[in-house]
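K.L.:
build me a model:
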Amino acid sequence: MVDLTRTVRFSITGGAPAGPDAPALNSFAAHPAMAGLGRHYELDIRCRGDVDPRTGYFINIKDIDRAARATAIPTIAAACAADEHASPAAVLRSALPALDRAIRDGGAVASVRWRLSPYYSVEMSPQSPTVALLRQQFEFAAAHRLHVQGLSDEENRRIFGKCNNPRGHGHNYRIEPCVEVRADATPTFSLEELERITAERIIARFDHMHLNEDTAEFDTSRGGLNPSVENIARVCFELLAPAVAAASPDARLRSVTVWETDKTSATYPA
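P.N.:
From the prediction side, this is the model:
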């Protein structure tokens, strides 16, 4: 069994969207292309199933494209035209059943992640149609030094290399909380609420700080943790989870991902 993910990019600029059989000149960027002022979205459609031993295919990706353009994209376009304040989770929930049925007669779609911007997304699964995953990315700049008090200087240099520089070094960290919310009722936890909580609990605490020296969470002389990206993800989760739960009985922090660089990230809990 495999997971196969296809990203479908499209623009909504007013009027009916391009149908499933309309020629696509540049589907890498978006089909249909942007015309004037519009919206650019992406759908990450993840399908799960067995590979055909003869062809090596599970699903032809063009069938996924065709299904999305015949079902989900018209639903999203209609919602954009009808109510610009509509809940993305509610719109995605309404699009899922037809999309699932259009791909191999149903049952193949494991999840659909709607990227409303490069940093904000909503994800749902046909198997759990009352639950949506809300994600938003944030950034903070901070310095740190990787050093363990119980190890010798030589051992610390061997393990952590340049990251053991006594004066520290800095990163522009990105953090992405993933919050589980209800999709079958009036939303009680919003993107605005997630931004407020993250700004108060994470950004205000860590932005433009030396983590080892300015924060209790990572000052090892006060019992703090070594500020590895793994530990930063864990600390951010533990700071955010109670605040998310307090904000709404229908919201639960599922995980936090922290990027130290574009190439290195950690998610807690896994």
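
K.L.:
tell me where the protein has strands.
P.N.:
Taking DSSP state E to define them, one finds strands in the chain at 2-12, 39-49, 109-115, 120-125, 128-136, 138-144, 169-182, 209-210, 251-261, 264-268.

K.L.:
what pairs with the third one, and is each one parallel or antiparallel?
P.N.:
The strands beside strand 109-115 in its sheet (DSSP bridges) come out as strand 39-49 (antiparallel), strand 120-125 (antiparallel).

K.L.:
domain parsing for the protein?
P.N.:
2-126, 136-268 (automatic domain parsing).

K.L.:
what does stretch 46-64 contact?
P.N.:
1-6, 8, 45, 103-104, 108-113 (Cβ atoms under 8 Å, 6 or more residues apart in numbering). All C-beta atoms are positioned from the backbone trio N, CA, C, and that covers glycine.

K.L.:
what's the local residue count around the closest residue to Val109 other than its chain neighbours?
P.N.:
Using Cβ to Cβ, 6 or more residues apart in numbering and skipping the chain neighbours, the partner closest in space to Val109 is Asp100 (4.5 Å). Asp100 is flanked by 25 other residues according to other Cβ atoms under 10 Å.

K.L.:
returning to that earlier point: next, format the domains of the chain as CSV and append mean pLDDT.
P.N.:
Below are those laid out as CSV (pLDDT from 0 to 100):
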stretch, mean pLDDT
domain 2-126, 92
domain 136-268, 97
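
K.L.:
which one's the longest helix in the chain?
P.N.:
As assigned by DSSP state H, the longest helix anywhere in the chain is helix 229-247.

K.L.:
circling back: of the strands of the chain, which is nearest Ser27?
P.N.:
strand 2-12 (6.8 Å; Cβ to Cβ).
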